[in-house]
Each structure stands twice: as structure tokens, then as C-alpha cells.
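1. need the 3D shape of this:
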Amino acid sequence: MKRVLFTLWQCTWGAPQTLAGLAVWLWGRAHGWPGQGYRGAVVSAWGGSAGLSLGLFVFLPALPGGAGGARLLRHEYAHCLQSLLLGPLYLPVIALPSAVWFRLPALRRLRQAKSIPYGAFYTERWADAWADRLPEDSAR
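-> Next up is the predicted model:
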């Protein structure tokens, strides 16, 4: 029942990011990206260098097999939970600022020069806090 509600909520309240995630997922399926399920989310390995969460969809550099991959999966799933909470505000409040924090060269240089961890940014700190509350060996 929880998965049904998760999917329904992501497809209604979280429709903007879920539709964007569906488009990326369909493109990836056509290009042979492997996938699996995780707590109601659709997880795919993709060609990106980092994780990406868009509504129901999580994209990882590789499907989790080791401890680091499992940690990244939980972190990106926590972004899915942020999507559940924020609905249409997820894109401007979480996704866009997170993408800028990750991609903007000036911010990358600042993080490196000041030894600021990537997880210090509010979007990532929040996702990490929620990920820490998820069981490590959760049922898929």
C-alpha cells in the first residue's frame, strides 16, 4: 500500500519532476541503461557522474553494489522524499539549487579552496539527514 501511495503522490503532487524523470528514464531505456526498484522508486544506472532524483526516478552513475553505492542510493532516495513533501516546489527549491551547487565551476572552485564538503549545501545536508534515517538493508 505504501508503494501505491508513493507512486500516486509522485505522479500527482510531484508530477513536474516525475514527468521529467520519466523522459530521462525512457531515453535511458532506449539506450540500454539497467534498472531496478527501490522502495517504490525506479532506479537506473546512467552516464552521469553523480546521482539525480526526479520524482519517482533515481539515476545513479552505477547500480549500487558496494557500500558507497548504497549510501548514494539512500541519499538520492531521500531527494525522492523531498519531492513527496514539496511537490511542485521541489524543482525550484531542491533540484535547481542542487544542480547549480554541483555544476557551477565557480562553486566547485570555492568548495575546493575553502574545503567545503559537497554535503554542506542545504539541499544535500537535508537529504543526508533523511538518508541516515533509512535502514541500510531495506527491502526493495
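
2. shaky segments in the chain?
-> 66-68, 136-140 (pLDDT under 70).

3. how about the strands in it?
-> 35-38, 41-45, 52-54, 57-60 (DSSP state E).

4. paired strands for the longest one, with orientation please.
-> Meaning strand 41-45. Using DSSP bridges, the strands paired with strand 41-45 are strand 35-38 (antiparallel), strand 57-60 (parallel).

5. what's next to the last one, contact-wise?
-> In this structure, residues lying in contact with strand 57-60 by CB atoms under 8 Å, 6 or more residues apart in numbering are 18, 21-22, 24-25, 28, 38, 41-46, 48, 51-53, 69, 72-73, 76-77, 79-80. All C-beta atoms are positioned from the backbone trio N, CA, C, and that covers glycine.

6. buried subset of those residues as a ChimeraX selection?
-> A single ChimeraX command selects the buried members of those (16 or more other CB atoms under 10 Å):
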select :18,21,22,24,25,28,38,41,42,43,44,45,46,51,52,53,69,72,73,76,77,79,80
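
7. and the helices in the chain, which stretches?
-> 2-12, 15-30, 67-86, 90, 96-103, 105-114, 122-132 (DSSP state H).

8. with distance to Phe57 added, can I get those in TSV?
-> Shown next, in TSV, are those (distance: least, CB to CB, whole Å):
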stretch	distance to Phe57
helix 2-12	9
helix 15-30	3
helix 67-86	8
helix 90	12
helix 96-103	15
helix 105-114	25
helix 122-132	15
